[in-house]
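Trainee: predicted model and sequence follow; I will ask about them next.
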Amino acid sequence: MKYWIGVVSKEHVLCGIKDGIMQLGHGKRAPLARLAKDDWIIYYSPTVKFGDKTPLQAFTALGQVVDDEIFQVAMSEDFAPYRRRVNYQEAVDMPIRPLIDDLSFIKSKQSWGYAFRFGLIQIPKDDFELIKNSMLLNT
């Protein structure tokens, strides 16, 4: 079992929760193929809306990958993103700033945003538990 953070706008996270799916990297297959059944995903949302610069900077969802199937859905004539099924947990948004100093995957505490530049990162279990517990505390 592995633990991951996916970088996705809050608006897109909410769509995924509603449909019980995850989609990463603008619908690319490769990031989804890194995950396996029973892996955990936490979403970090730098913004509320894709393309909008208004910052959110919060962890916005967590869930567990349901199976090993990666499937494609035709959204339009020229856009067919890849997806995976996820069982989302009831959780609240957690701003990242109070957690930065305690997260080991963030090497530079001053340039903490750099850790999220690739869109999907594997994190240690201890970091996952810290974020998860902070998101579940208020539910």
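Mentor: Sure, I can see it.
Trainee: list of residues touching stretch 46-61?
Mentor: 5, 7-13, 16-17, 41-45, 88, 91, 93-97, 113, 116, 131, 134-135 (CB atoms under 8 Å, 6 or more residues apart in numbering). The C-beta positions use only the backbone N, C-alpha and C, and glycine is treated the same way.
Trainee: as a quick check, tell me the outermost residue of the chain.
Mentor: When distances are taken from the C-alpha mean of the chain, residue 77 lies farthest, 26.9 Å away, according to CA atoms, centre = their mean.
Trainee: tell me the strands beside the lengthiest strand in the chain, with direction?
Mentor: Longest strand in the chain by number of residues (criterion: DSSP state E): strand 55-65. Sheet pairing of strand 55-65 (DSSP bridges) gives strand 40-47 (antiparallel), strand 82-88 (antiparallel), strand 94-95 (antiparallel).
Trainee: so can I have a markdown table of those showing mean pLDDT, mean neighbour count and distance to residue 21?
Mentor: A markdown table is the format used below for the strands paired with strand 55-65 (pLDDT from 0 to 100; neighbours: other CB atoms under 10 Å; distance: least, CB to CB, whole Å):
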| stretch | mean pLDDT | mean neighbour count | distance to residue 21 |
| --- | --- | --- | --- |
| strand 40-47 | 97 | 22 | 11 |
| strand 82-88 | 97 | 19 | 4 |
| strand 94-95 | 97 | 18 | 22 |
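Trainee: for those, which one sits closest to residue 23?
Mentor: strand 82-88 (5.0 Å; CB to CB).
Trainee: point out where this protein drops to low pLDDT.
Mentor: Scanning the chain for pLDDT under 70 picks out 138-139.
Trainee: what are the boundaries of the strands in it?
Mentor: Along the chain, the stretches classed as strands by DSSP E are 3-7, 21-22, 40-47, 55-65, 71-72, 82-88, 94-95, 120-123.
Trainee: now do the contacts for the nearest residue to residue 17 once chain neighbours are set aside.
Mentor: In this structure, residue 17 finds its nearest non-sequential neighbour in residue 88, 5.0 Å apart by CB to CB, 6 or more residues apart in numbering. For residue 88, the contacting residues are 16, 17, 20, 61, 62, 63, by CB under 8 Å, 6+ apart.
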